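Undergrad: Sequence unavailable; structure follows:
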């Protein structure tokens, strides 16, 4: 399983303990997981606890660690936020004005997460001093309300409709990075 820090290191991200704690806490709250664990034996009426135990319910708290699906989603969201670029950083990387980045965000030719008054642009869409080839054709086809973690996962999970020359399934990012036709991935995105 490992610690949260070890999971992020496995993703290639190193952050300070303070920053990590802040981002994970924000991610959990944003995802609606801010309810702390309460021992059902003290939180519930004694008769309800007795009935649950008689029915075979295990009331002992079990920690799933980083395999907990809620924590995994929060970690992936924290990873997206931690590795995201600000509008100014994205502009510098692409050699354009920040206003051009905001225009591309509005046109959905770039993907961003709005945090307060600021945009954060997940790093997965960038390569070197440019973008993943063809990604600007795919992003507008994705549903507007697609969760950032779902977006990240979709781009990184192998798709049975995308194959390399040897028949291996590719993820949309791999397909685009290989220089394949972005319209194929755009069509898949439109079908979500």
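TA: All right, it came through fine. These figures come from a predicted structure and were not determined experimentally. Numbering: from 1, shown residues only.

Undergrad: need the contact list for residue 149.
TA: By Cβ atoms under 8 Å, 6 or more residues apart in numbering, residue 149 lies in contact with 73, 76-77, 80. C-beta: built from backbone N, CA, C; applies to glycine.

Undergrad: Distance to residue 159 and pLDDT added to those, as CSV?
TA: Listed next are the contacts of residue 149 as CSV, based on distance: Cβ to Cβ, whole Å; pLDDT from 0 to 100:
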residue, distance to residue 159, pLDDT
73, 21, 78
76, 19, 81
77, 22, 83
80, 20, 83
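
Undergrad: Reformat those as a markdown table; add secondary structure.
TA: Formatted as a markdown table, these follow (DSSP: H, G, I helix; E, B strand; the rest coil):
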| residue | secondary structure |
| --- | --- |
| 73 | helix |
| 76 | helix |
| 77 | helix |
| 80 | helix |
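
Undergrad: So which residues of this structure form strands?
TA: 85-86, 113-115, 118-121, 126-127, 130-131, 159-163, 169-170 (DSSP state E).

Undergrad: Can you tell me which of the ones you listed is most buried?
TA: strand 118-121 (a mean of 20; mean count of other Cβ atoms under 10 Å).

Undergrad: Which elements pack onto that one?
TA: strand 85-86, helix 87-94, helix 98-106, strand 113-115 (3 or more Cβ pairs under 8 Å, 6 or more residues apart in numbering; DSSP states H and E).

Undergrad: Quick check: the two most widely separated of the contacts of residue 149?
TA: Farthest pair in those (Cβ to Cβ) is 73 and 80. Separation: 10.7 Å.

Undergrad: got the domain boundaries for this protein?
TA: As given by automatic domain parsing, the domain ranges for the chain are 4-81, 84-124, 132-192.

Undergrad: which stretches of this protein form helices?
TA: Along the chain, counting by DSSP state H, helices occupy 4-10, 17-30, 40-43, 46-54, 69-83, 87-94, 98-106, 135-138, 148-156, 172-177, 182-190.
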